[in-house]
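Peer 1: pasting the sequence and the predicted model now:
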Amino acid sequence: MDTDVREPGGSRAAERTDGHTDEEAARHDDAMRAASAFGPVGVIGAGAMGAGIAQVAATAGHAVTLVDVAPGAAAAAVEKVGGALSRLVDKGRMPADHATAVLARITAAQSLRDLPNCGLVIEAVPEDLGLKRGIFAELADLQPSTTVLATNTSSIDIDDIAADVADPERVLGLHFFNPPPVMALVEVVHGERTAPAYVEHAVALVAAWGKTPVRCSSTPGFIVNRVARPFYGEAQRIVESGIADPATVDWILRERGGFPMGPLELTDFIGQDVNLAVGTSVWEQTGRDERYAPTEFQRGLVEAGRLGRKSGRGVYAYAADGSVEGAQPDLELAERLVGGPVATDPLARTLAMLVNEAVDLVARGEASADDVDTAMRLGTRYPKGPIAWGRELGFDRVARWVAELDAAYPGGRYRPSPALTDGSLT
């Protein structure tokens with residue numbers, strides 16, 4: 001554990017002889033009580049997400065069974081978890097005996113029938129509706145009626161996944177972010193048929209694991225993957241239309257907006273194919289709403305095999321050491337664009353659409369304003385939540401920006417949310 005832990009006001013938190021602070025020990029004890037009350041946890045899928053979720057649950061004190069149908073996959077994932085725990089020990093962030101105990105709680109298995117009776121089963125298999133639906137139907141038959149059945153899907157509708165489950169009130173989403181042991185955010189997603197008591201139960205358990213839960217309904221993309229769409233889309237459209245080059249757009253969003261990465265370099269980091277797939281999923285699930293339409297710019301990159309860092313070239317070209325080659329921002333152009341007309345100002349244009357999207361989601365009752373802001377700060381590391389940013393800029397001002405964009409680019413993408421001006425968020 002890190003030893004320099006400070007309480008509010010700057011005083012050093014009390015430390016114990018076992019290397020934990022009193023605050024850390026209290027959190028650990030809370031998690032252990034929750035684990036004891038909730039019982040074993042099953043995790044389906046031994047990829048990076050499944051292995052990470054298994055590590056989180058085992059660290060919180062649960063006996064975990066990690067299942068993957070591929071021979072040896074679950075055992076290999078347990079070994080990887082062991083390596084991750086060893087690195088934490090080497091860095092002084094976990095006592096060695098704690099790491100040994102965590103790893104001992106994880107068991108590898110190859111069949112859903114190998115699961116014990118669990119308090120919770122979390123599915124983390126590839127984003128294939130048919131695959132997920134079949135797993136949940138089988139789990140519903142094999143597990144007690146009291147078992148919470150959760151999916152780690154990032155975008156598929158919860159009710160669609162639960163379609164073949166006789167008691168869909170116990171099916172919900174627990175969307176972890178990658179890597180699960182590090183990322184604090186978990187979206188707790190309810191379908192129309194999910195019982196509120198199960199949602200509250202899941203929220204309490206996730207909090208006991210030391211994560212930050214946010215509640216949302218099963219809207220396409222949930223909170224983060226829906227609200228973030230304009231961050232990528234506006235940058236792509238600005239480059240596509242010749243307003244500015246990628247390096248200049250990224251510089252503006254980083255240096256003037258405070259975002260940790262520019263939107264174009266971020267899609268290269270994520271993978272253009274991955275980012276396009278998520279965006280396309282949201283677009284399809286919203287009835288091909290123009291607001292979420294993928295760009296020809298990004299489609300062209302994917303078709304050309306320019307997938308980003310992993311392929312050596314995406315928006316940018318990358319050297320063998322991963323550094324960007326030959327991309328310098330035009331600072332004079334950046335100075336002219338920022339503060340100018342919103343249609344050609346990458347920062348104002350992006351902020352207007354982020355705020356507009358977030359306000360719309362809250363107005364539809366799909367998540368609270370506080371949960372939207374928390375999700376975007378923790379899930380994407382935005383410097384401010386979009387609702388808070390809207391309040392700071394002034395919702396009337398944002399409404400004018402979006403109206404200007406709608407006039408400049410008619411067709412529906414830039415339609416202003418009525419909630420920007422109806423006073424509901426002031």
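Peer 2: Sure thing, it's come through.
Peer 1: which residues in the stretch 251-400 of the chain form strands?
Peer 2: 317-318, 324-325 (DSSP state E, counting those that start in this stretch).
Peer 1: what's the most buried one of those strands?
Peer 2: strand 317-318 (a mean of 15; mean count of other C-beta atoms under 10 Å). Placement of C-beta: from N, CA and C, glycine included.
Peer 1: to A163, which of the strands of the stretch 251-400 of the chain lies closest?
Peer 2: For A163, the closest of the strands of the stretch 251-400 of the chain is strand 317-318, at 42.7 Å, according to C-beta to C-beta.
Peer 1: any idea of the mean pLDDT for the closest one?
Peer 2: For strand 317-318, the mean per-residue pLDDT is 96.
Peer 1: centre of the chain to it, how far?
Peer 2: Relative to its chain's centre, strand 317-318 lies at 26 Å (C-alpha atoms, centre = their mean, to the nearest Å).
Peer 1: identify the residues contacting it?
Peer 2: Residues outside strand 317-318 that contact it (C-beta atoms under 8 Å, 6 or more residues apart in numbering) are 268, 309, 312, 324-327.
Peer 1: how about 7 Å then?
Peer 2: Strand 317-318 is contacted by residues 309, 312, 324-326 when judged by C-beta atoms under 7 Å, 6 or more residues apart in numbering.
Peer 1: between which two of these is the distance greatest?
Peer 2: Put simply, by C-beta to C-beta the two of these set farthest apart are R309 and G326, 15.5 Å from each other.
Peer 1: under a three-state scheme, what state does the closest residue to V121 other than its chain neighbours occupy?
Peer 2: Spatial nearest neighbour of V121, chain neighbours left out: G42 (3.9 Å); criterion: C-beta to C-beta, 6 or more residues apart in numbering. What DSSP: H, G, I helix; E, B strand; the rest coil gives for G42 is strand.
Peer 1: quick one: residues contacting G42.
Peer 2: G42 makes contacts with 65, 67, 115, 118, 121, as judged by C-beta under 7 Å, 6+ apart.
Peer 1: tabulate those (TSV), appending neighbour count.
Peer 2: Listed next are the contacts of G42 as TSV, based on neighbours: other C-beta atoms under 10 Å:
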residue	neighbour count
T65	23
V67	26
L115	22
C118	25
V121	25
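Peer 1: report the two of those residues separated the most.
Peer 2: Largest separation among the contacts of G42 by C-beta to C-beta: V67 and C118, giving 10.8 Å.
Peer 1: out of R309 and G326, which sits in the more crowded spot?
Peer 2: R309 (17 against 8; other C-beta atoms under 10 Å).
Peer 1: how far away is that one from R299?
Peer 2: Separation of R309 from R299 (C-beta to C-beta, to the nearest Å) stands at 19 Å.
Peer 1: got a list of contacts for stretch 411-426?
Peer 2: Outside stretch 411-426, the residues within contact range by C-beta under 7 Å, 6+ apart are 290-291, 356, 359-360, 362-363, 369, 387, 395-396, 398-399, 402-403, 405-406.
Peer 1: in that stretch, what's buried?
Peer 2: 413-417, 419-421, 425 (16 or more other C-beta atoms under 10 Å).
Peer 1: list the ones among the residues you listed that fall in strands.
Peer 2: Members of the buried residues of stretch 411-426 lying in strands (criterion: DSSP state E): none.
Peer 1: would you format those as TSV with distance to A317 included?
Peer 2: TSV is the format used below for those (distance: C-beta to C-beta, whole Å):
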residue	distance to A317
R413	30
Y414	32
R415	37
P416	38
S417	38
A419	42
L420	40
T421	44
L425	43
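Peer 1: mind picking the two most distant members of those?
Peer 2: R413 and L425 (21.8 Å).
Peer 1: so where is the stretch 301-426 of the chain shaky, pLDDT-wise?
Peer 2: Along the stretch 301-426 of the chain, segments meeting pLDDT under 70 span 426.
Peer 1: who are the contact partners of the residue nearest to A109 when sequence neighbours are not counted?
Peer 2: Spatial nearest neighbour of A109, excluding adjacent residues (C-beta to C-beta, 6+ apart): V67 at 4.7 Å. When contacts are counted by C-beta under 7 Å, 6+ apart, V67 touches 42-44, 74, 109-112, 114-115.
Peer 1: by neighbour count, which of the residues you listed wins?
Peer 2: Result: V43 is most packed of the contacts of V67 (other C-beta under 10 Å), 34 neighbours.
Peer 1: that one contacts G52, correct?
Peer 2: No: applying C-beta atoms under 7 Å, one finds V43 not in contact with G52, separated by 9.4 Å.
Peer 1: just give me the closest of the contacts of V67 to V186.
Peer 2: Proximity of these to V186 (C-beta to C-beta) peaks at V43, which lies at 14.1 Å.
Peer 1: any idea how far the closest one lies from D373?
Peer 2: 30 Å.
Peer 1: returning to what we had before: narrow the contacts of V67 to those in helices?
Peer 2: Among the contacts of V67, DSSP state H puts A74 in helices.
Peer 1: now the contacts of V67 in CSV, with distance to F222 and pLDDT?
Peer 2: What follows is these, written out as CSV (distance: C-beta to C-beta, whole Å; pLDDT from 0 to 100):
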residue, distance to F222, pLDDT
G42, 23, 98
V43, 20, 98
I44, 20, 98
A74, 27, 98
A109, 29, 97
Q110, 31, 96
S111, 30, 97
L112, 26, 97
D114, 30, 96
L115, 26, 97
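Peer 1: out of the contacts of V67, who's nearest R215?
Peer 2: The nearest member of those to R215, counting by C-beta to C-beta, is V43 at 22.0 Å.
Peer 1: ok, the closest one - contacts?
Peer 2: Contact analysis of V43 by C-beta under 7 Å, 6+ apart lists 50, 53-54, 64, 66-67, 122, 124.
Peer 1: please name the residues that touch D90.
Peer 2: By C-beta under 7 Å, 6+ apart, D90 has no neighbours at all.
Peer 1: hang on, R349 packs against G233?
Peer 2: No: between R349 and G233 there is no contact under C-beta under 7 Å: 10.3 Å.
Peer 1: domain parsing for this structure?
Peer 2: Domain assignment for the chain, taken from automatic domain parsing, gives 22-217, 226-420.
Peer 1: got the end-to-end distance for the last one?
Peer 2: This means domain 226-420. Domain 226-420 has an end-to-end distance of 18 Å (criterion: C-alpha to C-alpha, to the nearest Å).
Peer 1: and it, how far out from the chain's middle?
Peer 2: Counting by C-alpha atoms, centre = their mean, domain 226-420 is centred 16 Å from the centre of its parent chain.
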